[in-house]
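> what would the 3D arrangement of this be:
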Amino acid sequence: MRIQATRFHKASGKQEHETRYYITSLEPDAPRLIAAIRQHWGAENKLHWVLDVDFAEDQSRKRVGYAAQNFSLLTRIALNLIRKDKSTKASVRGKRLQAAWDDQFLWKLLLPGNS
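Numbers count the residues shown, from 1 in each chain. Predicted coordinates:
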């Protein structure tokens, strides 16, 4: 299938046109196909944007052996622990900084039942 997308960038005021191609076994039902694509990319962007922006995963220089996979797993564990914490409304970045500065908060993230 082919999707022609137009995106408006508020900061620059410019429009960007893009054609995307997908392979699918679903029946040709446009609303259903678009909903499936948006759902997939919404979940994908929600996770990867946070990992890139708050954890700088794309800037990582780990290339030897399983280092990148191991650190990626640790990053996802840290993200899940931070998101699970409801004691403050701070952002992911804010909670990471708070955990770095405050050992009690760090232990509260790591052992939520023993705070």
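
> buried residues in the helix or strand bottoming out on mean pLDDT in the chain?
One helix or strand of the chain scores below all others by mean pLDDT, DSSP states H and E: helix 30-53, with a mean of 80. Applying a neighbour-count criterion of 16 or more other CB atoms under 10 Å, the buried positions in helix 30-53 are 33, 37, 50, 51. Heads up, the C-betas are built off the backbone N, CA and C, glycines and all.

> for that helix, the distance to its chain's centre please.
Centroid separation for helix 30-53 versus its chain: 10 Å, with CA atoms, centre = their mean, to the nearest Å.

> beyond it, next helix or strand please.
Downstream of helix 30-53, the next assigned helix or strand under DSSP states H and E is helix 67-84.

> quick one: contacts for residue 23?
Residue 23 is in contact with residue 1, counting by CB atoms under 8 Å, 6 or more residues apart in numbering.

> three-state assignment of it?
What DSSP: H, G, I helix; E, B strand; the rest coil gives for residue 23 is coil.

> roughly how far apart are it and residue 96?
For residue 23, the distance to residue 96 equals 38 Å [CB to CB, to the nearest Å].

> just for the chain, where's the confidence low?
Applying pLDDT under 70 to the chain flags residues 43, 114-115.

> spatially central residue for it, please.
In the chain, the residue lying closest to the centroid (CA atoms, centre = their mean) is residue 47, at 1.9 Å.

> ok, that residue - contacts?
Each residue near residue 47 by CB under 8 Å, 6+ apart is listed here: residue 79.

> again, only using 10 Å
Residues in contact with residue 47 (CB atoms under 10 Å, 6 or more residues apart in numbering) are 76, 79.
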